[in-house]
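Peer 1: The following block contains a protein sequence and its predicted model.
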Amino acid sequence: MGVIRSAPARYTAPMTSSSSTLRVALPVPLPHLFDYAPPPGPAPDPGMTGQRVRVPFGSRELVGVVAGIGQVEDPGSLRAAIEWIDTTPLVTGELWRSLQWLARYTHAPLGEVISTALPGPLRRGEAVPDTHQWGWQLTPAGHDPQPKLRSGTRPQRLAACLAEGVVNEDRLDTLMDDWRSAARSLAKRELVERIALAHAPAVASPA
């Protein structure tokens, strides 16, 4: 299946990063990803995989999910995404891996598989209902064995904080400055993942 290929959406537009592109899975019956220049905001980062983004597509606007970060020699040839919908990944961890597997197994476009898995309001670009808390936990790769992280760095401190179990985001705000950048760094290495919490868990003590 062609979900690892990307098709450029041509248009002259400025980029916030000189050569990085968003590789977006869109809910259309085409077996590839689409490259867009990033919208205003943070520079593209692999930790953004799983976030929703609104993009132009022909005469329409579509809601897609970032499937990766790419590089192009002529970034000015790409259309720019309109806006980020999420500030953190919506589709992560086991769900993300399962949807990728399902797309490969069924030979279906990744964007359509993801769209089918999301509730209607999220497919339309509405905000995630604030009905629960969010937390972070180590993945199996983060637990076994404890990854080699430079002592004293934010990623190492965050990994140590999560070693005892799930920590909700409100608690992390009180434990660490700029923990979100550390979380993106660890998520890029598949060492941590963000999960929805039905209720506030017991939180780990700071390392």
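Peer 2: Received, thanks.

Peer 1: from what I can see residue 31 touches residue 112, true?
Peer 2: No - counting by Cβ atoms under 8 Å, residue 31 stays clear of residue 112, with 9.6 Å between them. Using the backbone N, CA and C atoms, a C-beta is placed for each residue, glycine as well.

Peer 1: and residue 185, what element?
Peer 2: Taking DSSP states H and E as the criterion, residue 185 maps to helix 179-188.

Peer 1: actually residue 122, not the one I wrote
Peer 2: Per DSSP H and E: helix 120-123 holds residue 122.

Peer 1: again, but for residue 126
Peer 2: Going by DSSP H and E, residue 126 is not part of any helix or strand.

Peer 1: Am I right that residue 141 is in contact with residue 190?
Peer 2: Yes - using Cβ under 8 Å, residue 141 is in contact with residue 190, at 5.4 Å.

Peer 1: CA atoms only for the following helix or strand past the helix holding residue 122, dumped as PDB, please.
Peer 2: Toward the C-terminus, helix 120-123 is succeeded by strand 133-138 as the next helix or strand (DSSP H and E). What follows is strand 133-138, C-alpha atoms only, in PDB (Å, rounded to 0.1, in the frame of the first residue of the first chain):
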ATOM      1  CA  GLN A 133      -8.000  14.500  32.400                       C
ATOM      2  CA  TRP A 134      -4.900  13.600  30.300                       C
ATOM      3  CA  GLY A 135      -1.800  11.900  31.600                       C
ATOM      4  CA  TRP A 136       1.500  10.600  30.500                       C
ATOM      5  CA  GLN A 137       3.100   7.200  31.000                       C
ATOM      6  CA  LEU A 138       6.200   5.300  29.900                       C
END
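
Peer 1: Give me the phi and psi for residue 195.
Peer 2: phi -130, psi 150 (degrees, to the nearest 10).

Peer 1: Find the residue closest to residue 158 in space, skipping its chain neighbours.
Peer 2: Of all residues not flanking residue 158 in the chain, residue 182 sits nearest, at 4.3 Å (Cβ to Cβ, 6 or more residues apart in numbering).
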